[in-house]
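Trainee: Generate coordinates for the sequence data below:
(chains A and B)
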Amino acid sequence: SAVISQKPSRDICQRGTSLTIQCQVDSQVTMMFWYRQQPGQSLTLIATANQGSEATYESGFVIDKFPISRPNLTFSTLTVSNMSPEDSSIYLCSVGQGAGDTEAFFGQGTRLTVV
Amino acid sequence: KQEVTQIPAALSVPEGENLVLNCSFTDSAIYNLQWFRQDPGKGLTSLLLIQSSQREQTSGRLNASLDKSSGRSTLYIAASQPGDSATYLCAVNSGYALNFGKGTSLLVTP
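Mentor: Numbering: from 1, shown residues only, chains lettered A, B, ... in the order given. The predicted model follows:
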């Protein structure tokens, strides 16, 4: 199993500002996944982050809005840039997905409110 | 694209009842299926993982089944308790990231 520490757990931010979310895993992993959960909705994949390469973004998500860093095999950050109220969501990082029999684990999430 | 559907969207039961949550998916080419629990405003807690070659998995009062050919999974909760109140998410692994259903919001009343 993997233990994922994510912070902050929640924040209230002013529109136009940026917030960086940190995700720390207790073991080395190849891929880390960032999801967004809008109010009342299920989880949507934002991007996958591999160490040493650019993140791969899903349709509808762009690097300028959601820059991701992956400096090593246990840590990643997601920045939500130039925030608007529509960015109010829970953001979650995850490991353990991809081809194979692995179990996915999630951080406790960052609940973001943009005012 | 894998589509995951969960029925019902919401469920309210009295304490002690047995209940079944349903999950269906459109593409049977999966590696595994995972059931999660999510408390309000929180992250996801993994409940059960079923590999594509398995038919069911059990953990305590929870039992999950998988019928890959028909694209269905069920989560059975025995003797429900108020502490089981949460949203239950079904997620399918088709070889990349997980595809999630919208969840079933469960309320168990004392």
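Trainee: Contact partners for A:Gln67?
Mentor: Quick fix: residue A:67 reads Pro, not Gln. Residues counted as contacts of A:Pro67 (Cβ atoms under 8 Å, 6 or more residues apart in numbering or on different chains) are A:78-79, A:81. Glycine gets a C-beta too; all of them are placed from N, C-alpha and C.
Trainee: sorry, that was for A:Val95
Mentor: Residues in contact with A:Val95 (Cβ under 8 Å, 6+ apart) are A:2, A:4, A:25, A:29, A:31-33, A:104-105.
Trainee: Pull out the buried members of these.
Mentor: With burial judged by 16 or more other Cβ atoms under 10 Å in any protein chain shown, the buried subset of those is A:2, A:4, A:25, A:29, A:31-33, A:104-105.
Trainee: Which of those fall in helices?
Mentor: Among these, DSSP state H puts none in helices.
Trainee: hmm, back to that, narrow the contacts of A:Val95 to those in strands?
Mentor: A:4, A:25, A:31-33, A:105 (DSSP state E).
Trainee: Go through the residues you listed and name the one nearest chain B.
Mentor: Each of these was scored against chain B by Cβ to the nearest Cβ, and A:Phe33 proved nearest at 5.4 Å.
Trainee: Spatially, what comes nearest to that closest one if we skip its sequence neighbours?
Mentor: Leaving aside its sequence neighbours, A:Phe33 sits nearest to A:Ser94 (Cβ to Cβ, 6 or more residues apart in numbering or on different chains; 4.4 Å).
Trainee: List the pairing partners of the host helix or strand of the one you found within its sheet, with orientation.
Mentor: Take DSSP states H and E as the rule and A:Ser94 turns out to sit in strand A:89-95. Applying DSSP bridges to the sheet, strand A:89-95 is found paired with strand A:31-37 (antiparallel), strand A:105-106 (antiparallel), strand A:110-114 (antiparallel).
Trainee: thinking again about what came up before, return the member of the contacts of A:Pro67 nearest to B:Ser28.
Mentor: Nearest to B:Ser28 among the contacts of A:Pro67 is A:Leu78, at 32.4 Å by Cβ to Cβ.
Trainee: need the buried ones among the contacts of A:Val95 in CSV with pLDDT and distance to A:Arg10, can you?
Mentor: Listed next are those as CSV, based on pLDDT from 0 to 100; distance: Cβ to Cβ, whole Å:
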residue, pLDDT, distance to A:Arg10
A:Ala2, 87, 22
A:Ile4, 94, 16
A:Val25, 95, 21
A:Val29, 90, 25
A:Met31, 90, 26
A:Met32, 93, 21
A:Phe33, 94, 21
A:Ala104, 91, 23
A:Phe105, 92, 20
